[in-house]
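**Q** Give the three-dimensional model of this entry:
(one chain, ligands or ions: 3)
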Amino acid sequence: MTTNDTPVHQLYLVTDEPACLGRDFYWVVEEAVQGGVTMVQLREKHLSTRAFIDRAKRLKDILLPYNVPLIINDRVDVALAANADGVHVGQSDMHFDMLNEMLPEGKIIGLSAESEEDVVEAENFDISYLAVSPLFDTPTKTDIKKPWEIAGLQWVRKNSTHTLAAIGGINANNIRQAATNGAEIIAIVSAICSAPSPYEAAFRLKSAMHD
Ligand SMILES: Cc1ncc(COP(=O)(O)OP(=O)(O)O)c(N)n1
Ligand SMILES: Cc1nc(C(=O)O)sc1CCOP(=O)(O)O
Ligand SMILES: [Mg+2]
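**A** Ligands and ions are numbered 1, 2, ... in the order given. Below is the predicted model:
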């Protein structure tokens, strides 16, 4: 929080190599960080464990000088091996209690909430953020539940004490709506990874978020 209690919004890049359209993966991420991304999640669904760890270590080295945390999607073993800053889990992944036992103190833990029941249950967990999943419909991830939309985000804000992240279908036209209705963290794949200039895209998204 700033001194006048205005939330400081985070711009969270969730990576997806195919969405980078054949361009160098590390170049895309570093451009995005230089443009204003403040958190990065490495989301790899098809890499071998060894390749996932190698990619996480290389990304960690790139992000370190920028002081940007690296969060690993799904895999606590990869996060530990690469000394990443945290893990994001969904409702079918490792349970919070187990993850919390396995991760050293101080690591970031993100959890997805797909339903009102998930939001209520998450009040029992000492997580770093709760992801409103998905905020809007998106072609980037097809195994999603019904979008929360803005009214749903407002409901989550009223019923959760956690820092909220919004993900799904967010772009420069709707980011401000997400940011002013309860999401302190805005998570994005395609509007950054697939943009002609990831630098410009991140810069515009960050400006639009704060306008
Ligand atoms: C910030 C953020 N929010 C939600 C998700 C989705 O997690 P999950 O439901 O486990 O789905 P997969 O990403 O594992 O396909 C996320 N990764 N990041
Ligand atoms: C990785 C992911 N998780 C989601 C969820 O709803 O949990 S939606 C999503 C993809 C978001 O991509 P884009 O910014 O291109 O819409
Ligand atoms: Mg998952």
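**Q** so what secondary structure elements neighbour the longest helix along the chain?
**A** Assignment by DSSP state H gives helix 49-63 as the longest helix of the chain. Using 3 or more CB pairs under 8 Å, 6 or more residues apart in numbering; DSSP states H and E as the contact criterion, the elements in contact with helix 49-63 are helix 25-35, strand 39-42, strand 70-73, helix 76-81. The C-beta positions use only the backbone N, C-alpha and C, and glycine is treated the same way.
**Q** Number of residues surrounding the residue of the chain found nearest ligand 1?
**A** Here the residue of the chain nearest ligand 1 is residue 90; by CB to the nearest ligand atom that distance is 2.0 Å. Neighbouring residues of residue 90 were enumerated by other CB atoms under 10 Å; the total is 17.
**Q** Report pLDDT for it.
**A** Model confidence at residue 90, expressed as pLDDT, equals 98.
**Q** Excluding chain neighbours, what is closest to the residue in the chain positioned nearest to ligand 3?
**A** Across the chain, no residue is closer to ligand 3 than residue 90, which sits at 3.6 Å (CB to the ion). For residue 90, the nearest residue in space outside its immediate sequence neighbours is residue 112; the separation is 4.2 Å by CB to CB, 6 or more residues apart in numbering.
**Q** what does residue 51 give?
**A** Setting aside the residues directly before and after it, residue 51 is nearest to residue 44 in space (CB to CB, 6+ apart), at 8.0 Å.
**Q** Kindly report the same for residue 74.
**A** In space, residue 74 is closest to residue 93, 5.3 Å off (CB to CB, 6+ apart).
**Q** residue boundaries of the helices in this protein?
**A** Counting by DSSP H, the chain forms helices over residues 25-35, 49-63, 76-81, 96-102, 116-122, 149-159, 175-180, 190-193, 198-210, given from the N-terminal end onward.
**Q** Let's have those in CSV, adding distance to residue 169, mean pLDDT and mean neighbour count.
**A** Formatted as CSV, the helices of the chain follow (distance: least, CB to CB, whole Å; pLDDT from 0 to 100; neighbours: other CB atoms under 10 Å):
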stretch, distance to residue 169, mean pLDDT, mean neighbour count
helix 25-35, 18, 98, 20
helix 49-63, 25, 98, 17
helix 76-81, 27, 98, 20
helix 96-102, 26, 98, 14
helix 116-122, 19, 98, 16
helix 149-159, 10, 98, 16
helix 175-180, 10, 98, 20
helix 190-193, 9, 98, 24
helix 198-210, 13, 97, 19
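**Q** Quick one: closest of those helices to residue 18.
**A** Proximity to residue 18, assessed across the helices of the chain by CB to CB, is greatest for helix 190-193 (8.7 Å).
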